[in-house]
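Visitor: what's the 3D shape of this:
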Amino acid sequence: MLAMSSSMAQLRGRFYDFKPAGFRPDARSNNPDWQGCKLAVTYHPAFLLRDPRQKGEAWKDLQMVMKELGMKAPKQTT
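Guide: Coordinates of the predicted model:
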């Protein structure tokens with residue numbers, strides 16, 4: 001989606017401006033002023049099932065998105 005060859009570990013932890021290649025507002029959105037959106041990179045759920053050690057990193061990604069949306073993350077239970 002980002003057309004980058006960096007690893008997941010390198011892409012995680014920040015937001016990227018995303019607008020699909022060849023985007024035409026009339027074809028993708030009812031709003032002709034839509035300029036794209038923010039995209040956060042995280043691990044696929046199937047990967048987390050194969051490597052549960054990465055769940056903490058995925059949780060950090062989700063907390064970053066929640067903060068951006070003005071939401072409070074619930075306390076993580078052990």
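
Visitor: buried set for the longest helix anywhere in the chain?
Guide: As assigned by DSSP state H, the longest helix anywhere in the chain is helix 55-68. By neighbour count on 16 or more other Cβ atoms under 10 Å, the buried set for helix 55-68 is 57-58, 64. From N, CA and C alone the C-beta is placed, and that goes for glycine too.

Visitor: ok, so of those, who is nearest residue 46?
Guide: Distance to residue 46 across the buried residues of helix 55-68 (Cβ to Cβ) is lowest for residue 58, with 11.9 Å.

Visitor: my guess is the closest one contacts residue 46. True?
Guide: No - if you go by Cβ atoms under 8 Å, residue 58 and residue 46 don't touch, sitting 11.9 Å apart.

Visitor: returning to that earlier point: centre of the chain to the longest helix of the chain, how far?
Guide: The chain centre lies 9 Å from the centre of helix 55-68; the measure is Cα atoms, centre = their mean, to the nearest Å.

Visitor: output that helix as CSV, nothing but the C-alphas.
Guide: In CSV, the C-alpha atoms belonging to helix 55-68 read as follows (Å, rounded to 0.1, in the frame of the first residue of the first chain):
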residue,chain,number,x,y,z
LYS,A,55,1.7,-9.0,20.6
GLY,A,56,3.2,-6.3,22.8
GLU,A,57,4.5,-4.4,19.7
ALA,A,58,1.1,-4.7,18.0
TRP,A,59,-0.5,-3.4,21.3
LYS,A,60,1.8,-0.3,21.1
ASP,A,61,0.6,0.3,17.5
LEU,A,62,-3.0,0.1,18.6
GLN,A,63,-2.4,2.5,21.5
MET,A,64,-0.7,5.0,19.0
VAL,A,65,-3.9,4.9,16.8
MET,A,66,-6.2,5.2,19.8
LYS,A,67,-4.2,8.3,21.0
GLU,A,68,-4.5,9.8,17.6
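
Visitor: lovely, talk soon.
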